[in-house]
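> Please work out how this folds:
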Amino acid sequence: MRAATSIVEVVQQYVALRKTGRNWVGLCPFHAEKSGSFNVREETGRYKCFGCQVAGDVFNFVQEIENIDFVAAVEKLASRANISLSYTSGGEGKDRSRRKAQIEAMEAAVEWYHQRLLTSADARAARDYLRGRGLAGDVARQFRLGYAPDEWDALSSRMVSLGFSADVLRDVGLAFTNRANRLQDSFRGRVMFPIFSDIGEPVAFGGRVLPGSTDPAKYKNSPETKIYMKSKTLYGLNWAKNDVVKADQVIVCEGYTDVIGFHRSGVPRAVATCGTALTEEHVRVLKRFAKRVVLAFDADAAGQGAAEKFYEWEQKYQVQVSVARFPQGKDPGDLASSDPASLAVAVEEAIPFLGFRINRVVQGTPLRNPEDKARVAARALEVINEHPDVNVRKLYAGEVAARVGLPVNDVVRQAERRIARPMVSVPVSRNVGVQENAEFVAISLLVQAWDDIAPWLIEELFAQEVTRRAFATLAAAGALPGSLLTNALEMADPEVRELLERSAVADVDVPAQSVAFNLVSTAVRRMLSRRTGVTDPDEIRQDREARLELERLDDEKATPGACESLLWWLGQRGKDLDGPGGGSGGEPG
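Reported below is the predicted structural model:
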């Protein structure tokens, strides 16, 4: 069997590999890593990870990746190679035979339900319902949709006639014994969505009642069985995994029709949980295929407990969790019919999970007075402080301060200390030209520590007219001999002079790069929000790259490189900003 099995082909079912010399290399599925150290060689039939040191042959690999024993691994590979096995141990042979019978029963049920949908007169209402949802014809065939007739034992009778025992039907949840001690179908009068394992074995069903049904249970799913565990199974992964690997991205939905909607819209890398919340086991499965996970459901609804789990999984499995945003009241299944192009856009513009939750707090809240700003900042800090990474907390805290117009120091300090119930004080109102927000802090750092921040600043980062003029003044003063501040004060107009005087004595105890990166993030989001009507292909491509670089700002190691790319992009887009653009600081004399 080893000779009949390609170890590269087997491993590629779970890991994205690329040819490097005589080996195939990819990210190790057995430990978290950012650069590939997992090597597979076809000629020797062996694999080796130079990171965690695991090694073995194709049987070892299947055992480890599937968490199964040697015999189960042999069976799985034998099935793949169409090799028949014989068993010498009666007990083990019985278990294997029983599992095989259960899978075969599920396959027979999938086909019977499917043909019933396609050809039976009593399935007309089901066909009409699916046609109205855009799920008829080729779509129904691709996903093997079916119909369970509203009869007591239509499926059971057919399955028994095919030779399947009542025990097998009960074991897989297709039937049960009723009070009359007769075998009765578990699913009746429902559209059927077959659920497959990631290698394409049918393991369960999800059934939906038709409109007008009096059944109070709108959805019904198979119970957990020996072949079906909800916490480890993802609907659609068998169809999506190749595209997931290619894109290094997987989209997680709530419903089966959402998954099909993404496929219909040309985004075939969507999967769904099977009536449960996303679990750690799901994430462990997904990590084998992709590092980027996009949530296509209301990711904020589950509250703080779920959020903390997401952050933990991001660190533990080195995945990046982001959230796709859809029009209010619309789900992917609806949009696949009304506006299919919007699904790809929503995924492309997905924002990091923490950023999504902060936007929920900040957006749509009026900031009519300092008290409003303090309340919004405090609520945002509660969300930010759930994150375990202090650098991520500080970056987002600085961004919130810039958005609501509060002193950066106060907000960042509470994020740094991770205060459970943050209290943001309202600054005393003063008649000054600009609040002491992130832009003021950046100007103060330019005056007090030019070398630390000047390389990261350009005019496009400043949304307020007075801070933009102050920056331009300092940049011009830096090209002259003598004192930077003295030269700038002499050149400045009265409003800028007053700002520079305050910035020279301001107490700024914030890392300079953190302030700059916050300004870059805010400026890029501001610019992207203005560019929704862009049609030029090159500019669309550049905007897409900017969104990807924006995500990388959350990665401490990638932040400097991402910031440089975004500064270039902002400079190119500077003509779209109000006021002058494109200037950057130089070295002071």
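> All the strands of the stretch 401-550 of the chain, residue numbers only.
Assigned by DSSP state E, counting those that start in this stretch, the stretch 401-550 of the chain shows no strands.
> pLDDT weak spots in it?
Scanning the stretch 401-550 of the chain for pLDDT under 70 picks out 426-436, 532.
> do that again at 80, thanks
402, 405, 407, 420, 423-437, 505-510, 529-536 (pLDDT under 80).
> Now do the helices in it.
408-417, 438-448, 450-453, 465-478, 484-491, 494-505, 512-529, 537-552 (DSSP state H, counting those that start in this stretch).
> List the contacts of the spatially closest residue to residue 422 that is not a sequence neighbour.
Leaving out its chain neighbours, the residue that sits closest to residue 422 by C-beta to C-beta, 6 or more residues apart in numbering is residue 381, at 3.9 Å. From N, CA and C alone the C-beta is placed, and that goes for glycine too. Neighbouring residues of residue 381 by C-beta atoms under 8 Å, 6 or more residues apart in numbering: 397, 400, 411, 414-415, 419, 422, 424.
> measure residue 381 to residue 118 for me?
56 Å (C-beta to C-beta, to the nearest Å).
> do the same with residue 247
32 Å.
> ok, now residue 112?
For residue 112, the distance to residue 118 - C-beta to C-beta - is 11 Å.
> Look at the two and report which has more neighbours.
Neighbours were counted for residue 112 and for residue 118 using other C-beta atoms under 10 Å; residue 112 has more, 19 against 16.
> returning to what we had before: generate a ChimeraX selection restricted to the buried subset of the contacts of residue 381.
Remark: buried members of these, expressed as a ChimeraX selection using 16 or more other C-beta atoms under 10 Å:
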select :397,400,411,414,415,422,424
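> want to try CSV for the contacts of residue 381, with distance to residue 99 as columns?
Converted to CSV, the contacts of residue 381 look like this (distance: C-beta to C-beta, whole Å):
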residue, distance to residue 99
397, 53
400, 53
411, 57
414, 55
415, 52
419, 53
422, 54
424, 59
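> In what element of secondary structure is residue 354 found?
Per DSSP states H and E: residue 354 is located in helix 353-362.
> again, but for residue 72
helix 70-81.
> do residue 246 as well
Applying DSSP H and E, one finds residue 246 within helix 237-247.
> same for the one helix or strand in the chain whose mean pLDDT sits lowest, what does it pack against?
Taking mean pLDDT, DSSP states H and E as the measure, the chain has helix 70-81 as its least confident helix or strand, at a mean of 80. Applying 3 or more C-beta pairs under 8 Å, 6 or more residues apart in numbering; DSSP states H and E, we find helix 70-81 packed against helix 58-66, helix 90-119.
> In it, which residues are buried?
Buried-residue list, helix 70-81, by 16+ other C-beta under 10 Å: 71-77, 80.
> Among those, which one lies nearest to residue 360?
residue 76 (43.8 Å; C-beta to C-beta).
> ok, how many other residues are close to the residue nearest to the closest one when sequence neighbours are not counted?
Once flanking residues are discounted, residue 76 sits nearest to residue 62: 5.8 Å by C-beta to C-beta, 6+ apart. Counted with other C-beta under 10 Å, residues neighbouring residue 62 total 25.
> Equivalent analysis for residue 354, please.
Neighbours around residue 354, by other C-beta under 10 Å: 25.
> isn't it right next to residue 384, touching?
Yes. Residue 354 lies in contact with residue 384 (C-beta atoms under 8 Å); the separation is 7.0 Å.
> Residues in contact with both of the two, list them for me.
Residues touching both residue 354 and residue 384 (C-beta under 8 Å, 6+ apart): residue 396.
> remind me which residues of the stretch 151-300 of the chain are low pLDDT?
298-300.
> all helices of it, in order?
154-161, 166-171, 237-247, 256-264, 280-287.
> So which of the ones you listed is nearest residue 328?
Across the helices of the stretch 151-300 of the chain, closest to residue 328 is helix 256-264 (C-beta to C-beta), at 16.3 Å.
> Name the residues that touch that closest one?
Taking C-beta under 8 Å, 6+ apart as the rule, helix 256-264 contacts 133-135, 139, 142-143, 193, 206, 235-236, 239-240, 251, 253, 268-272, 296-297, 331-337, 340, 343.
> which of the residues you listed count as buried?
When the contacts of helix 256-264 are checked for burial by 16+ other C-beta under 10 Å, the buried set is 133-135, 139, 143, 193, 206, 235-236, 239-240, 251, 253, 268-272, 296-297, 331-336, 340, 343.
> coming back round to it: could you single out the most deeply buried of the helices and strands packed on helix 70-81?
Among the helices and strands packed on helix 70-81, helix 58-66 has the highest mean neighbour count (mean count of other C-beta atoms under 10 Å), at a mean of 19.
> Straight-line length of stretch 260-273, end to end?
13 Å (C-alpha to C-alpha, to the nearest Å).
> and what of stretch 496-512?
21 Å.
> Could you give the average pLDDT over stretch 14-25?
Taken as a whole, stretch 14-25 carries a mean pLDDT of 90.
> what about residue 190, how many neighbours?
Neighbour tally, residue 190, other C-beta under 10 Å: 26.
> same thing with residue 530?
12.
> Residue 195 now?
Residue 195: 26 neighbours (other C-beta under 10 Å).
> Which strand residues bridge it?
residue 204 (DSSP bridges).
> mind giving me the domain split of the chain?
7-81, 92-221, 234-349, 430-576 (automatic domain parsing).
> The ones you listed: which one's closest to residue 362?
With respect to residue 362, and counting by C-beta to C-beta, the nearest of the domains of the chain is domain 430-576 at 11.3 Å.
> if we can go back for a sec, output the least confident helix or strand of the chain as CSV, nothing but the C-alphas.
C-alpha atoms of helix 70-81 as CSV (Å, rounded to 0.1, in the frame of the first residue of the first chain):
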residue,chain,number,x,y,z
PHE,A,70,-2.6,2.8,12.9
VAL,A,71,-5.4,0.5,11.6
ALA,A,72,-7.7,3.4,10.9
ALA,A,73,-4.9,5.2,9.0
VAL,A,74,-4.3,2.0,6.9
GLU,A,75,-8.1,1.9,6.2
LYS,A,76,-8.2,5.5,5.2
LEU,A,77,-5.3,5.1,2.8
ALA,A,78,-6.6,1.8,1.5
SER,A,79,-9.9,3.4,0.7
ARG,A,80,-8.1,6.2,-1.1
ALA,A,81,-6.1,3.7,-3.2
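> Measure how it sits relative to helix 90-119, angle-wise.
Counting by axes from the mean of the first three to the mean of the last three C-alpha atoms, to 10 degrees, helix 70-81 points 40 degrees away from the direction of helix 90-119.
> buried residues in stretch 240-257?
Result for stretch 240-257 [16+ other C-beta under 10 Å]: buried residues 240-241, 243-245, 247, 249-257.
> Actually, stretch 339-349.
Per 16+ other C-beta under 10 Å, stretch 339-349 contains these buried residues: 340, 342-343, 346-347.
> Stretch 191-200 too?
Buried residues in stretch 191-200 (16+ other C-beta under 10 Å): 191-198.
> Likewise for stretch 458-475?
458-464, 466-475.
> Likewise for stretch 162-181?
Under 16+ other C-beta under 10 Å, the buried positions of stretch 162-181 are 164, 168-175.
> For the residues you listed, which two are the farthest from each other?
Among the buried residues of stretch 162-181, 164 and 173 lie farthest apart (C-beta to C-beta), at 13.3 Å.
> sorry, back to before: what comes into contact with the helix holding residue 246?
Here helix 237-247 has contacts from 12-13, 15-16, 142-143, 196-200, 250, 259, 263, 268-271, 285-286, 289-290, 292, using C-beta under 8 Å, 6+ apart.
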